[in-house]
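Engineer: output the structure for:
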Amino acid sequence: MDYEQILKERNLSLTSVRLAVLEALEQHPHSEAGVLFKIVHKKIKTTSKQAIYNNLNMMVEHGIIREIKPKGQPSLYETKVGDNHHHIVCRSCQKVMDTDCHSLAPCLSPKISHGFVIDEAEVTFWGTCPSCQKSKGDKNEQH
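Structural biologist: Predicted structure coming up:
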């Protein structure tokens, strides 16, 4: 994705930290700010956690990245925006995967909008990923 062009279109400056955060998110979707800080800090030693948080908040605000808030976990970020996809979260390892809508998806439009103009529906599916299912199966076989 051409993040330089996306930033220019939104009249945002092309800072090295901003571009490094976007590159890190492209390679590590569904990452939290602390993980992104570690990745960016390896490239840009002068960056700070506050700079990462400031850039994440600004890019969410401008629709460049998406913030995901799974219950009981820190905010996660991704570059996949504008398609209203959903997420599946493993209850054991907290792995997060994207999933597109299916014809039998849960309620995606409210019965009563109370005058709101709805622009997004957020659905999070919870379960156990294949790796954790296998681990649990292995542990059960040992007992």
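
Engineer: can you map out the strands along the chain?
Structural biologist: Here the chain has its strands, by DSSP state E, at 66-68, 76-78, 86-90, 96-99, 124-127.

Engineer: what packs against the third one?
Structural biologist: Applying 3 or more Cβ pairs under 8 Å, 6 or more residues apart in numbering; DSSP states H and E, one finds that strand 86-90 makes contact with strand 96-99, strand 124-127. No exception for glycine: its C-beta is placed from N, CA and C like everyone else's.

Engineer: sheet partners, orientation included, of the first one?
Structural biologist: What it means is strand 96-99. Each strand paired with strand 96-99, and its direction, by DSSP bridges: strand 86-90 (antiparallel).

Engineer: domain map for the chain?
Structural biologist: Domain ranges of the chain: 1-81, 83-143, per automatic domain parsing.

Engineer: just say which of the helices and strands packed on strand 86-90 is most tucked in.
Structural biologist: Neighbour counts (mean count of other Cβ atoms under 10 Å) averaged over each of these peak at strand 96-99, with a mean of 15.

Engineer: residue 6 contacts residue 65, correct?
Structural biologist: No: judged on Cβ atoms under 8 Å, residue 6 makes no contact with residue 65 at a distance of 10.0 Å.

Engineer: among these two, which residue is more densely surrounded?
Structural biologist: residue 65 (22 against 17; other Cβ atoms under 10 Å).

Engineer: ok so, going back, out of the helices and strands packed on strand 86-90, nearest to residue 36?
Structural biologist: Of all the helices and strands packed on strand 86-90, the one in closest proximity to residue 36, counting by Cβ to Cβ, is strand 96-99 (14.5 Å).

Engineer: from the chain's centre, how far out does that closest one sit?
Structural biologist: 9 Å (Cα atoms, centre = their mean, to the nearest Å).

Engineer: for it, what is the average pLDDT?
Structural biologist: Mean pLDDT, computed over strand 96-99, is 90.

Engineer: contacts for it, please.
Structural biologist: By Cβ atoms under 8 Å, 6 or more residues apart in numbering, the residues outside strand 96-99 that reach it are 29-30, 68, 70, 76, 78, 80, 85-90, 125, 129.
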